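1. Compute the structure for the input listed below.
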Amino acid sequence: MADQVPGQVQWHLAGDYFENCSCSLLCPCLVSAAAPLTARPTEGFCNVPLIFHIESGRYGDLALDGLNVLVILHAPGVMADGDWSVATYVDQRADDEQTEAIAAIFSGAAGGPMAAFTPLISKNLGVSKVPITFRIDGKTRSAEIPGILHMSVDPLPTMHPSGEMWANIGHPVAPDRMALAVGAPGNTFSDHGMRWDNSGKNGLYAPIRWSNQA
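-> Now for the predicted structure:
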């Protein structure tokens, strides 16, 4: 987690997250013989939605409980080379103050885990308020934004009796514990002149617990 910068609002949140990138299993950006983010994505680029549910959270005295967030990232080549594009989608139930707080947290401007990505981003496609549905059904995570996003991931098949494979990949979102997953058929994103189909591609999910305090 990023240390708090003097003058920043203190914040914390807990909830759940999943993603479904455009790489074939397993994503070499995170799992390969090369250093993280230095291997070439399997398709030569990375298109990835990061989808979040805030179970509980506070930005200063402002409650963020129950809100959903989507961040989409596009990297045109090796992720460590940067030149990423990013867009943020905030739950339409958020008021103006909550929207500003969520935008600050999920852009990395307010410190915390997402600040790790900030140096790699060159194009900000802005913040949109949309209806975001986030569901957990057993081990399946899914999300829906009408006309924009339909995403669902399931854990990779495993012989482990838990039915899940967990790894400490070091991904900034949840460094110590992530489940390896796969995208369901029909997983698509369409906006900002882009259309992605990540069906059958690499997925991850994890509980999250974030703050901007050391």
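2. hey, let's count contacts and neighbours off CA atoms from now on
-> Noted.
3. From residue 166, how far off is the spatially most central residue of the chain?
-> Against the mean C-alpha coordinate of the chain, by C-alpha atoms, centre = their mean, the closest residue is residue 50 at 2.3 Å. Relative to residue 166, residue 50 is positioned 18 Å away (C-alpha to C-alpha, to the nearest Å).
4. got the buried residues for the longest strand seen in the chain?
-> Criterion DSSP state E: the longest strand present in the chain is strand 46-59. By neighbour count on 16 or more other C-alpha atoms under 10 Å, the buried set for strand 46-59 is 46-55, 57-59.
5. now for the next helix-or-strand element following it, which elements pack on it?
-> Next in sequence after strand 46-59, counting helices and strands by DSSP states H and E, comes strand 62-63. When contacts are defined as 3 or more C-alpha pairs under 8 Å, 6 or more residues apart in numbering; DSSP states H and E, strand 62-63 sits against helix 96-107.
6. Flag every buried residue along the helix or strand following the helix it packs on.
-> Sequence-wise, the next helix or strand downstream of helix 96-107 (DSSP H and E) is strand 121-130. Of all the residues in strand 121-130, those buried under the rule 16+ other C-alpha under 10 Å are 121, 127, 130.
7. What of stretch 185-193?
-> Buried residues in stretch 185-193 (16+ other C-alpha under 10 Å): 187, 188, 189.
8. wait, residue 182 sits on residue 198?
-> No - contact criterion C-alpha atoms under 8 Å: residue 182 and residue 198 do not qualify, at 9.3 Å.
9. Now for those two: what residues contact both?
-> residue 20 (C-alpha atoms under 8 Å, 6 or more residues apart in numbering).
10. Strands along this protein, start to end?
-> Secondary structure of the chain by DSSP E: the strands cover 11-20, 46-59, 62-63, 68-75, 84-91, 121-130, 133-137, 140-145, 149-155, 166-167, 178-183, 188-191, 194-197, 202-211.
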